[in-house]
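> Below is the sequence, then the predicted model.
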Amino acid sequence: MTEQERRESRAMARDATNGAADGIKRGTIKEVAARAGVSTATVSRVLGGTYPVAAATRTRVQRALSELDYVVNANARALGTSTSNTVAFVVNDVTGPFFAHIARGVEQQATAEGRLCLVCTTHSDPEREIAVINLMREQRAEAVILVGGAHQTPEYTERMAKLARALDSAGSRLVLCGRPSLGRDVPHTVVEYDNEGGAFAMTSYLLSAGHERIVLLGTMDVSTSTERVAGYRRALESRGIAFDPNLVVPGDFSREFGHRAARELLGSGLEFTAVFAVTDMIAAGLLKGLREEGVRVPEDISVAGYDDIPLASDVFPELTTVHIPHEELGRTAVRMTLNQAENPVQYVKMGTHVVVRGSAGPVRPK
């Protein structure tokens, strides 16, 4: 038995003995070994999964583990492994449908890979985000998956790059899901979607329907908004239409903002025939606000969104929007990260496409 195996065996034995604190008597590693007719070292190998064990022997040990209700303490196991078999999923807000559907993909793939999935929230606070990443590094998370737009400052980018290197040195991995890369020399995994391309496609669709005065509603100082503004602007310029900054209206990614914006846009004096909301949640609030103001959609004003969350087909009229492969983003982020030997290129960009429904139509003569 190697020294590492001795440490694992002693730690696991202590854990099994101490595990009775909850009032349930569980077997020790020695009892498991005796019942299976093997050494404690063999039991340790089966539990760790890092040494070859004959199939018949593994089956006997696993049966004994089950019969004796043996439970391995995470701290004991961490003595012999570099990570805790945990995947951390870090989001701004777990109640947002965009985040929730990516989270489902992460959880499903993590479970399939035999990992525990932890969900952490940051409430859009970059300092809290960094604190969560550091905590997950201390907890030896195998992967730390960040979802959603990133702040657009050199200082933030540099701090994230340092954290990526720190995670890498600890045997962990920073994963950016729906965020741009931090640079080629940074050890991280990037799973993003064609954010700018989706905005370009939607704006082009509205332009092809005759709309030239299109409000882009709900921009923020994060990478998600920046890329959507870029796609919107590129589509206008491709048609020879001048970009009008007055048509780009800032706001948060909420239904409440969209609802308020309906009245504010109608009273602003702006001339427009369509509104491209940067999220479906904004678009849903906008539709409600326009309906309350007596505006017909799409007869008077066309409305489009971005994300294609389930809500998009529940509102009236059903929302024309840009589809993002939410769950596949989450699954791919986990699959690529945990199987790096099979995926040496740790970068992928998924496609987006326009989903045509009833909320957008051709410009109508007044």
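Nice, thanks for sending it over. Numbering: from 1, shown residues only.

> ok, which stretches of the stretch 1-150 of the chain are helices?
Assignment of helices within the stretch 1-150 of the chain using DSSP state H, counting those that start in this stretch yields the ranges 3-18, 29-36, 40-48, 55-67, 74-78, 97-112, 126-138.

> Distance to Glu293, mean neighbour count and mean pLDDT added to those helices, as JSON lines?
The C-beta positions use only the backbone N, C-alpha and C, and glycine is treated the same way. As requested, these are exported to JSON lines (distance: least, Cβ to Cβ, whole Å; neighbours: other Cβ atoms under 10 Å; pLDDT from 0 to 100):
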{"stretch": "helix 3-18", "distance to Glu293": "64", "mean neighbour count": "18", "mean pLDDT": "46"}
{"stretch": "helix 29-36", "distance to Glu293": "70", "mean neighbour count": "21", "mean pLDDT": "89"}
{"stretch": "helix 40-48", "distance to Glu293": "65", "mean neighbour count": "22", "mean pLDDT": "79"}
{"stretch": "helix 55-67", "distance to Glu293": "64", "mean neighbour count": "15", "mean pLDDT": "86"}
{"stretch": "helix 74-78", "distance to Glu293": "56", "mean neighbour count": "16", "mean pLDDT": "48"}
{"stretch": "helix 97-112", "distance to Glu293": "25", "mean neighbour count": "20", "mean pLDDT": "92"}
{"stretch": "helix 126-138", "distance to Glu293": "37", "mean neighbour count": "17", "mean pLDDT": "89"}
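
> So which of those is nearest Val348?
Val348 lies closest to helix 97-112 among the helices of the stretch 1-150 of the chain, at 13.6 Å (Cβ to Cβ).

> quick revisit: mind putting the helices of the stretch 1-150 of the chain into TSV with distance to Met350?
Putting these into TSV (distance: least, Cβ to Cβ, whole Å) gives the following:
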stretch	distance to Met350
helix 3-18	40
helix 29-36	45
helix 40-48	35
helix 55-67	38
helix 74-78	34
helix 97-112	12
helix 126-138	23
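
> Any idea which of those helices gets closest to Glu196?
helix 97-112 (17.1 Å).

> so Ile29 touches Val46, yeah?
No - in this structure Ile29 lies outside contact range of Val46 using Cβ atoms under 8 Å: 10.6 Å.

> So Asp252 sits against Thr219, correct?
No - in this structure Asp252 lies outside contact range of Thr219 using Cβ under 8 Å: 9.9 Å.

> Looking at these two, which is more packed in?
Thr219 (19 against 14; other Cβ atoms under 10 Å).

> Residues in a beta bridge with the more buried one, which ones?
As for beta bridges, Thr219 partners with Pro250 under DSSP bridges.

> which residues sit in contact with it?
225, 228-229, 248-251, 278 (Cβ atoms under 8 Å, 6 or more residues apart in numbering).

> so what's Ala164 up against?
Taking Cβ under 8 Å, 6+ apart as the test, what Ala164 contacts is 174, 182, 186-188.

> Look at it and give its secondary structure.
Assigned by DSSP: H, G, I helix; E, B strand; the rest coil, the conformation of Ala164 is helix.

> Can you get me a residue count around Arg239?
11.

> Low-confidence regions, the stretch 151-300 of the chain specifically.
Across the stretch 151-300 of the chain, nothing is flagged by pLDDT under 70.

> show me what contacts the nearest residue to Arg213 once chain neighbours are set aside?
Using Cβ to Cβ, 6 or more residues apart in numbering and skipping residues adjacent in sequence, the residue nearest Arg213 is Phe272, 4.3 Å away. Under the criterion of Cβ under 8 Å, 6+ apart, the neighbours of Phe272 are 213-215, 247, 265, 301.

> Check Glu299 too.
Glu299 neighbours (Cβ under 8 Å, 6+ apart): 361, 364.

> sorry, back to before: highest neighbour count among the contacts of Ala164?
Leu174 leads these on contacts (other Cβ under 10 Å) with 27 neighbours.

> mind listing the strands for the stretch 251-366 of the chain?
Ranges of strands in the stretch 251-366 of the chain, per DSSP state E, counting those that start in this stretch, are 274-277, 302-304, 321-323, 347-350, 353-355.

> pLDDT (mean, whole number) over the second one?
Spelled out, it's strand 302-304. For strand 302-304, the mean pLDDT works out to 98.

> who does it touch, helix- and strand-wise?
If you count contacts as 3 or more Cβ pairs under 8 Å, 6 or more residues apart in numbering; DSSP states H and E, strand 302-304 packs onto helix 195-208, strand 274-277, helix 280-292.

> closest to Leu146 out of the ones you listed?
Short answer: helix 195-208, nearest of the helices and strands packed on strand 302-304 by Cβ to Cβ, at 15.2 Å.
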